[in-house]
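Engineer: no sequence for this one, just the structure:
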């Protein structure tokens, strides 16, 4: 199964795009568009992207990796809500020496990234005593 076939049923039926196939618009897929350009996978996401509807994207990226894709462009402009599962998926792609570019990261995506950067850069404590203990240990 190729990348296009793995997501064909998740494309928008009003504009199926190069990933083809009739879509299932009534389902809550996070993927609104998909196409390939050389060894680059271009995906547009929309709406709520969380644990409940991330499977199609996870499947698509797995197939893309097995098919030799190493570059990923994600259009995030229409994401209205997301959780750490999406960020983990992005980081997983990046950890394996692959390139990823986020296009128009919407507010929820920017907030998620900012929170992750803050979490990795700063220790947070519940009290001054806790903070001092963290600094010693």
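Structural biologist: Done, it's in. None of the values given here were measured: they were computed from a predicted structure. Numbers count the residues shown, from 1 in each chain.

Engineer: the longest strand in this structure is where?
Structural biologist: The strand that spans the most residues within the chain, counting by DSSP state E, is strand 71-82.

Engineer: who's in contact with the residue positioned nearest the centre of the chain?
Structural biologist: Nearest to the mean C-alpha position of the chain, by Cα atoms, centre = their mean, lies residue 86 at 4.5 Å. Contact partners of residue 86, counting by Cβ atoms under 8 Å, 6 or more residues apart in numbering, are 49, 50, 54, 109, 112. Every C-beta, even on glycine, is put in place using the N, C-alpha and C of the backbone.

Engineer: can you do 7 Å?
Structural biologist: With contact taken as Cβ atoms under 7 Å, 6 or more residues apart in numbering, residue 86 is in contact with 49, 54.

Engineer: Residue 71 too?
Structural biologist: Neighbouring residues of residue 71 by Cβ under 7 Å, 6+ apart: 39, 40, 98, 99.

Engineer: Could you give the bridge partners of the nearest residue to the last one once chain neighbours are set aside?
Structural biologist: Distances taken as Cβ to Cβ, 6 or more residues apart in numbering place residue 71 nearest to residue 99, at 4.6 Å, with adjacent residues excluded. For residue 71, the residues forming beta bridges with it (DSSP bridges) are residue 40, residue 99.
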